[in-house]
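Engineer: This is the structure alone, sequence omitted:
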């Protein structure tokens with residue numbers, strides 16, 4: 001009979017180097033606790049356990065549709081470097097005891113392709129955020145490309161060649177994020193987007209892909225500080 005007081009090994013959930021087929025570099029960790037539960041729910045109940053966060057924004061100064069599109073893409077790429085889990089995936093294979101959260105580094109060209117797939121720009125139109133939410137909620141996560149997270153941009157109607165209103169809808173698998181975490185990430189994105197649209201930010205930081213591994217947030221079981229009480 002197992003000793004119920006045996007210390008539970010939380011070290012197993014930390015990010016560790018991952019070397020897969022065709023992978024230059026990466027990290028992975030087993031899903032634990034609610035991460036695993038959300039993955040099971042998503043697998044059996046399509047659309048039931050995915051997260052959405054939507055905002056409607058009125059711009060103080062209208063911008064061209066071209067600038068709006070390029071700015072949202074630039075900030076999405078920036079966000080991936082700051083929070084690489086938006087480009088992570090979940091690996092379910094029989095040789096692992098638990099599903100694995102995996103982040104793989106990529107070349108700038110591959111990152112650009114990821115941005116093109118996951119930052120979805122809709123035609124300018126009357127904004128119906130609820131309908132977009134309903135439509136996206138019917139889709140399977142992950143996609144056929146293996147993506148788990150998307151940002152949707154819906155520009156408002158164009159007036160004199162510019163838009164003054166837009167909608168953003170963040171859609172993601174529930175395992176990498178909870179509601180609070182999603183709000184934090186969205187706040188970072190909106191702050192960066194405001195800087196880019198207003199041309200009020202300084203020289204762009206140098207992004208060297210591969211270094212973003214240092215920005216991977218801890219797994220759910222590894223969030224507690226060393227001086228906080230841990231489960232047995």
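Structural biologist: Ah, there it is. Just so you know, these numbers come straight off a predicted model, no measurement behind them.

Engineer: Can you name the next helix or strand after the lowest-mean-pLDDT helix or strand in the chain?
Structural biologist: Sorting the helices and strands of the chain by mean pLDDT, DSSP states H and E puts helix 34-44 at the bottom, at a mean of 78. Next in sequence after helix 34-44, counting helices and strands by DSSP states H and E, comes strand 50-64.

Engineer: From the rest of the structure, what touches that following strand?
Structural biologist: With CB atoms under 8 Å, 6 or more residues apart in numbering as the test, strand 50-64 has contacts from 42, 71, 127, 129, 132-133, 136-137, 141, 159-174, 177, 179, 182-183, 186, 190, 197-198. Every C-beta, even on glycine, is put in place using the N, C-alpha and C of the backbone.

Engineer: Give me the spatial nearest neighbour of residue 163, chain neighbours excluded.
Structural biologist: residue 155 (4.6 Å; CB to CB, 6 or more residues apart in numbering).

Engineer: does that neighbour really touch residue 122, like I thought?
Structural biologist: Yes: Residue 155 is in contact with residue 122 according to CB atoms under 8 Å; the separation is 7.5 Å.

Engineer: And the two? Which one has more around it.
Structural biologist: residue 155 (22 against 13; other CB atoms under 10 Å).

Engineer: From residue 217, how far out is that one?
Structural biologist: Plainly put, residue 155 is 31 Å away from residue 217 if you go by CB to CB, to the nearest Å.

Engineer: Can you give the distance of stretch 211-221 from its chain's centre?
Structural biologist: 13 Å (CA atoms, centre = their mean, to the nearest Å).

Engineer: mind listing what's buried in it?
Structural biologist: Within stretch 211-221, the residues that count as buried by 16 or more other CB atoms under 10 Å are 212, 213, 216, 217, 219, 220, 221.

Engineer: and the fifth one, what are its phi and psi?
Structural biologist: This points to residue 219. phi -70, psi 160 (degrees, to the nearest 10).

Engineer: Touching, it and residue 14? I think so.
Structural biologist: Yes: contact criterion CB under 8 Å: residue 219 and residue 14 qualify, at 6.6 Å.

Engineer: Find the residues that touch each one of the two.
Structural biologist: Common contacts of residue 219 and residue 14 (CB under 8 Å, 6+ apart): residue 29.

Engineer: Just list the residues touching the most centrally placed residue in the chain, thanks.
Structural biologist: The residue lying closest to the centre of the chain (CA atoms, centre = their mean) is residue 86, at 2.3 Å. Taking CB under 8 Å, 6+ apart as the criterion, residue 86 is in contact with 79, 80, 149, 172, 176, 185.

Engineer: burial of the third one, as a residue count?
Structural biologist: If I follow you right, that is residue 149. Neighbour count of residue 149, defined by other CB under 10 Å: 28.

Engineer: Quick check: it touching residue 118?
Structural biologist: Yes: Residue 149 lies in contact with residue 118 (CB under 8 Å); the separation is 6.4 Å.

Engineer: where do the contact lists of these two overlap?
Structural biologist: Joint contacts of residue 149 and residue 118 (CB under 8 Å, 6+ apart) are residue 87.
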